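Enquirer: Give me coordinates for this.
(chains A and B)
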Amino acid sequence: MNALTPHLSALQIILPLLAAPLCTIFRLPRVTWGIAMVVGVLCSFNAIAILEQVQSSGTIIYALGGWAAPWGIEYRIDDANAFVLVIISVINVFGILYARTSIPAELSEDRISWLYTAWLLCFTGLCGITISGDVFNVFVFLEISSLSTYVLVSFGTDKRALTAALRYLIVGTVAATFYVIGIGLLYALTGTLNMADLAQRLPEVTAHRTVLVAFGFITVGLSIKMALFPFHTWLPNAYAFAPNAVTAFLAGTATKAAIYVFMRLVLTIFPAGFFANSTIAYLIILAVGILGAFVASTIAFFRQDLKQMFAWSSIGQIGYMAIGLGLATSAGVAASFLHLFNHALMKTAVFMAIGCLFVATGSTTLNSLKNAGKRMPWTSAAILIGGLSLIGIPFTTGFVSKWYLVTAALELDMWWLAALVLAGSLVTAAYVWKFVETAYFRTDSNTTYTRSEAPLSLLIPTWILVIANIYFGINAQFTGTQALRAANAIFGFSS
Amino acid sequence: MQHHLVLNLVAKILIPFIILFALYVQFHGDYGPGGGFQAGVIFGAGFILYGIIFGKDLAVRVVPLPLVYCMTAVGVLLYTLVGVAGMLLGGEFLNYSVLLPDSIAGQHLGILLIELGVGITVASVMISLFFSYAQYTHRDEQQSDNQDR
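Expert: Now for the predicted structure:
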């Protein structure tokens, strides 16, 4: 183990990168699932070991190929990305565990190995985005994860999955181009791509208008990747038509990595105060966050398909993360990190439960839900608890996130913002209620119901996450401390 | 297009040179312009030309589809394993200096193998892309044939 210690950060990338081609060679569905599962578990332990190492001995720096930064590429892990890395790796394990039964229900056998290949590559990319300390390397990993995500989405059973994937491909490519133009401008100004180096050099040239232009390009590019409100168009269909296990995995990981990079670039690399002091940028992010939370939640209310509904809800929840980020205080950013963790838990749980519904009834529309409360009590209860968590009912993780966000807003004397956040919960409550009404109260008294619960192999991973939702809602000690440490790490490379 | 005598003949003459040139671009990449990506594309283009002129069925006999899929994976594996070899020999991931006792020779060997991995993957991805398109037109033609009947 000790021999591995200095290499932990590289192993996080190497393991899934080795496993992905193995899945292409051994094309048997069970074998590829086994490979993905083993690698997923190893990576989770690895990520937790990294988090422990960061906390005991500070920032981890790994110079790839032995070339020291700023010339070489380095992985740089501090409290912020170690936390995000743990979220992504753990959600990944549950996603794969869930995929074992869920995927064969939707995919023909000869395509399953391709799915796991793409899945592992996507996971490689997401881990890479999170731990890389080089802005161009982040772009490369962003492309790895995006390209494999397009493939993953296109595996959906519905033919519309193909158009959803194509749309995501076009929008995602625009986003990546914007991002790379932004870092290109920064490179032209400073001559460096290393994050820590950029953070040192940018203050000297802040007066340059190029910095502002680069800031704009990077902001828009990453806003598309994280599906921030006006740039969200790719998300609803991509989530709705992807295979259920893929939706659950993506909902908990893909946008999260993009949000982390956004925070890292906007708040760490750009000079302190560049964002907070430029009133316009600050107001735009806040406004976009609030608008997103309201508009997307309202649209969610009018959706008849559960996957669509909760996909729109994801866009709304990303709005809340943007609000925390827009506050640009450590309390605000901590609230964003906390919500990042909590939202990954609740959305993955909800999408898994919707997948259970699909396996049991073959449909995810609201109509197929009638009497679901009696026919499949465990699945319905899982969606219900996930929904309550989204609203922010006490004793769920959502409550903790909202609490931190409201506190952060009040710290700045922004009463109106706190009021808006709470009002947003009401809109969320509206669409969750729509589910509750259909599943529990719309009963046809004539028909008799047979219990038709989803298989245990789907319910167990779902319920582990549901219980985690409640556990972290009651005991926020761990998540709260981690989020605060992450926020402090974002505001400077000192650990 | 098998009845086009000129195309037929020119392709037969050109393909060996295309593949040879691909290998030159591959292995001369250390010293001159070139490298795995470019070489892979040229190498793949040789097979694709063969497929276009002589038909997909013959091309599949030269490079069976499972082999092509396998090679896409082999290239990535080679790349990663060279990186891991650097780790096992006491350096960082992708540190080629430790591959051989002489660090400069190690760098040469490392980049040669890495680029070979890139070349293998790019070539086989190009070929598999061609095959998947060829497959679709084939299937569509069959469908339209059936409709005509």
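Enquirer: Got the phi and psi for residue A:74?
Expert: Residue A:74 has phi and psi values of phi -130, psi 150 when expressed as degrees, to the nearest 10.
Enquirer: That one contacts residue A:138, doesn't it?
Expert: No. When contacts are counted by Cβ atoms under 8 Å, residue A:74 is not listed as touching residue A:138 (11.9 Å). Placement of C-beta: from N, CA and C, glycine included.
Enquirer: Just give me the neighbour total for residue A:476.
Expert: Per other Cβ atoms under 10 Å in any protein chain shown, the neighbour tally for residue A:476 reads 19.
Enquirer: give me the low-pLDDT residue ranges for the chain?
Expert: Went with chain A since none was named. Scanning chain A for pLDDT under 70 picks out A:1-2, A:272-279, A:443-449, A:492-495.
Enquirer: The intended chain is chain B.
Expert: For chain B (pLDDT under 70), the answer is B:1-2, B:136-149.
Enquirer: Show me what the host helix or strand of residue A:240 is in contact with.
Expert: Here residue A:240 sits within helix A:235-241, counting by DSSP states H and E. Taking contacts as Cβ atoms under 8 Å, 6 or more residues apart in numbering or on different chains, the residues outside helix A:235-241 that touch it are A:149, A:153, A:156, A:158, A:160-161, A:163-165, A:167-168, A:227, A:247, A:250-251, A:255, A:305, A:307-308, A:310-312, A:314-315, A:351.
Enquirer: swap the cut-off to 6 Å and go again
Expert: The contact list for helix A:235-241, computed with Cβ atoms under 6 Å, 6 or more residues apart in numbering or on different chains, reads A:153, A:156, A:158, A:160-161, A:164, A:168, A:227, A:247, A:307-308, A:311-312, A:315.
Enquirer: List just the nearest of these to residue A:270.
Expert: residue A:227 (22.0 Å; Cβ to Cβ).
Enquirer: residue ranges of the helices in the stretch 51-200 of chain A, please?
Expert: For the stretch 51-200 of chain A, applying DSSP state H, counting those that start in this stretch gives helices covering A:79-102, A:109-131, A:135-154, A:160-190, A:195-205.
Enquirer: immediately after the shortest one, which helix or strand?
Expert: It refers to helix A:195-205. Taking DSSP H and E, what comes next after helix A:195-205 is helix A:209-225.
Enquirer: right, and residue A:404 touches residue A:338 too?
Expert: Yes. Between residue A:404 and residue A:338 there is a contact under Cβ atoms under 6 Å: 5.3 Å.
Enquirer: contacting residues for residue A:379?
Expert: Residue A:379 neighbours (Cβ under 6 Å, 6+ apart): A:353, A:356-357, A:454.
Enquirer: distance of it from chain B?
Expert: 37 Å (Cβ to the nearest Cβ, to the nearest Å).
Enquirer: Okay, and that residue sits in which element?
Expert: Using DSSP H and E, residue A:379 falls in helix A:377-391.
Enquirer: Buried residues in the very next helix or strand once past that helix, which are they?
Expert: Downstream of helix A:377-391, the next assigned helix or strand under DSSP H and E is helix A:397-411. By neighbour count on 16 or more other Cβ atoms under 10 Å in any protein chain shown, the buried set for helix A:397-411 is A:397-406, A:408-409.
Enquirer: looking just at contacts, which helices and strands does helix A:397-411 meet?
Expert: helix A:330-361, helix A:377-391, helix A:415-436, helix A:456-474 (3 or more Cβ pairs under 6 Å, 6 or more residues apart in numbering or on different chains; DSSP states H and E).
Enquirer: Out of the ones you listed, which one sits most buried?
Expert: helix A:330-361 (a mean of 27; mean count of other Cβ atoms under 10 Å in any protein chain shown).
Enquirer: Can you convert the helices of the stretch 51-200 of chain A into TSV and add a column each for mean neighbour count?
Expert: Shown next, in TSV, are the helices of the stretch 51-200 of chain A (neighbours: other Cβ atoms under 10 Å in any protein chain shown):
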stretch	mean neighbour count
helix A:79-102	25
helix A:109-131	24
helix A:135-154	22
helix A:160-190	18
helix A:195-205	18
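Enquirer: What's the local residue count around residue 57?
Expert: No chain in the question, so chain A it is. 10.
Enquirer: The chain in question should be chain B.
Expert: Count around residue B:57 with other Cβ under 10 Å applied: 10.
Enquirer: and it, that one's in a strand?
Expert: No. Membership of residue B:57 in a strand is not supported by DSSP: H, G, I helix; E, B strand; the rest coil, which gives helix.
Enquirer: so how far is residue A:464 from it?
Expert: With distances taken as Cβ to Cβ, to the nearest Å, residue B:57 is found 51 Å from residue A:464.
Enquirer: Residue A:214 now?
Expert: Counting by Cβ to Cβ, the gap from residue A:214 to residue A:464 is 43 Å.
Enquirer: Residue A:184 too?
Expert: 44 Å.
Enquirer: Which secondary structure elements does the helix or strand containing residue A:294 sit against?
Expert: Per DSSP H and E, residue A:294 falls inside helix A:279-301. Packing partners of helix A:279-301 (3+ Cβ pairs under 6 Å, 6+ apart): helix A:306-327, helix A:415-436.
Enquirer: before we move on, back to that, as TSV, the buried residues of helix A:397-411 with distance to residue A:90 would be great.
Expert: What follows is the buried residues of helix A:397-411, written out as TSV (distance: Cβ to Cβ, whole Å):
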residue	distance to residue A:90
A:397	14
A:398	19
A:399	21
A:400	18
A:401	18
A:402	23
A:403	23
A:404	21
A:405	23
A:406	27
A:408	25
A:409	29
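Enquirer: Just give me the closest of these to residue A:7.
Expert: Of these, the one sitting nearest to residue A:7 (Cβ to Cβ) turns out to be residue A:397, at 33.4 Å.
Enquirer: I'd say the closest one and residue A:473 touch.
Expert: Yes. Here residue A:397 reaches residue A:473: they are 4.6 Å apart, a contact under Cβ under 6 Å.
Enquirer: For the stretch 151-300 of chain A, what lies in contact range of chain B?
Expert: Taking Cβ under 6 Å from any Cβ of the partner chain, no part of the stretch 151-300 of chain A reaches chain B.
Enquirer: Please tell me how far the longest helix belonging to chain B is from the chain's geometric centre.
Expert: The residue-count maximum for a helix in chain B (DSSP state H) belongs to helix B:103-148. Distance, stretch centre to chain centre, for helix B:103-148: 6 Å (Cα atoms, centre = their mean, to the nearest Å).
Enquirer: which secondary structure elements does it contact?
Expert: helix B:36-54, helix B:65-88.
Enquirer: Buried deepest among those helices, which one?
Expert: Most buried of the helices and strands packed on helix B:103-148, by mean neighbour count (mean count of other Cβ under 10 Å): helix B:36-54, with a mean of 21.
Enquirer: Right, and chain B sits closest to which residue of the stretch 1-150 of chain A?
Expert: residue A:21 (3.4 Å; Cβ to the nearest Cβ).
Enquirer: Could you check which helix or strand contains that residue?
Expert: helix A:8-25.
Enquirer: And the contacts of that helix?
Expert: So helix A:8-25 is in contact with A:32, A:35, A:39, A:42-43, A:46, A:49-50, A:60, A:62, A:75, A:77, A:113, A:116-117, A:120-121, A:123-124, A:127-128, A:131, B:70, B:73, B:76-77, B:80, B:93, going by Cβ under 6 Å, 6+ apart.
Enquirer: most centrally placed residue in the chain?
Expert: Just going to use chain A. residue A:256 (2.8 Å; Cα atoms, centre = their mean).
Enquirer: my bad, chain B
Expert: Closest-to-mean residue, chain B, Cα atoms, centre = their mean: residue B:123 / 1.7 Å.
Enquirer: Many thanks, we can stop here.
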